[in-house]
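[1] Sequence and predicted structure below; questions after.
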Amino acid sequence: MGPVLCHRHGVRFFRQASIGIGARIRTRGRFAHGELVKVSLDRPKGSKIAWMLRADLDAHQVDAAYVDNVAHVTAFPQIAALERAWTHVCPACLDELLVRSGEVPDAPTSEKQAFDTAVVAEGVTCSGSIAQCELHGLIFPTRSSLDIEEAILTIDVLRVVRVVDASMAHEPVYWFDEALLRKVFGPDIEIVEATFRLESRAAFVKLWNAGERVCPVCLRDVLRRSGVVGADTPP
């Protein structure tokens with residue numbers, strides 16, 4: 001798996017941990033001491049190590065051999081069952097969770113870092129195609145209209161147009177207001193059932209440059225408030 005954007009720490013190579021740990025990371029929560037265990041899934045060709053919940057092992061009736069507080073699992077059916085309970089997590093977020101839960105992190109992590117409640121970790125900066133949203137942390141922004149950006153900030157409801165970039169094979173969808181579309185392309189454009197298709201790549205770039213950078217999660221919230229069907233589809 002290649003590098004992934006963590007909304008708190010930036011682009012990282014994610015690691016694997018149990019789904020329950022991933023969920024607790026998202027809420028900046030913690031576990032009681034002893035609820036977590038480092039597990040080694042040992043196959044003849046090598047081992048995979050991940051943090052899991054002891055409850056995960058109990059749920060699958062895993063018979064593990066403990067060496068230096070690491071649970072070693074060798075039975076293939078149990079290995080397969082535990083791997084299905086894994087998800088990918090940011091290693092820095094995982095280390096912060098470990099410290100909050102009274103465990104030793106894999107990389108040096110201070111208590112200040114671990115208990116910090118800021119959306120973006122101290123010292124992390126954004127550059128290139130990454131931007132920072134006050135609500136959702138580090139994001140890859142999309143583009144939209146100035147009016148839609150203002151609706152994000154004021155929690156307004158508005159009418160939007162679904163813009164399809166037909167110049168791309170997978171036809172990605174964006175959202176703009178009708179006034180901007182007519183300003184950029186003229187008053188005679190054809191908007192059918194609140195949808196506007198752009199067949200030309202040059203035309204799409206023109207609209208993209210006329211738009212404003214917005215957080216895709218905030219945009220999705222505006223679309224939901226405005227009753228847009230398909231708002232759950234990422235822009």
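    Yep, that arrived. Numbering: from 1, shown residues only.
[2] So for the residue located most distally from the centre of the chain, what's the pLDDT?
    The C-alpha centroid of the chain is most remote from D188, which lies 39.1 Å away (CA atoms, centre = their mean). Looking at D188, its pLDDT is 87.
[3] Then it would be within a helix, right?
    No. The assignment for D188 (DSSP: H, G, I helix; E, B strand; the rest coil) gives coil, which keeps it out of a helix.
[4] Provide the contact partners of the strand or helix carrying E150 at residue level.
    Using DSSP states H and E, E150 sits in helix 146-154. Counting by CB atoms under 8 Å, 6 or more residues apart in numbering, helix 146-154 makes contact with 156-158, 160, 175-177, 179-180, 211-212, 214-215, 218-219, 221-222, 226, all of which sit outside it. C-beta: built from backbone N, CA, C; applies to glycine.
[5] ok, now with 7 Å
    By CB atoms under 7 Å, 6 or more residues apart in numbering, the surrounding residues in contact with helix 146-154 are 158, 160, 175, 177, 212, 214, 218-219, 222.
[6] Spit out the contact partners of the residue nearest to C133 when sequence neighbours are not counted.
    Of all residues not flanking C133 in the chain, C215 sits nearest, at 3.8 Å (CB to CB, 6 or more residues apart in numbering). Contacts for C215 (CB under 7 Å, 6+ apart) come out as 133, 136, 139, 141.
[7] The first one and S144, how far apart?
    Yep, that's C133 we're talking about. To S144, C133 is 13 Å away according to CB to CB, to the nearest Å.
[8] between these two, who's got more neighbours?
    Shown here are C133 and S144; by other CB atoms under 10 Å, S144 has more neighbours (28 against 19).
[9] beta partners for the more buried one?
    On the basis of DSSP bridges, S144 is bridged to E212.
[10] just to revisit the earlier point, contacts for the helix or strand following the helix holding E150 next, please.
    Helices and strands here follow DSSP H and E; after helix 146-154, the next one along the chain is strand 161-165. For strand 161-165, the surrounding residues in contact (CB under 7 Å, 6+ apart) are 171-178, 181, 191, 194-198, 204.
[11] ok so, going back, could you give the average pLDDT over the helix holding E150?
    Mean per-residue pLDDT for helix 146-154: 81.
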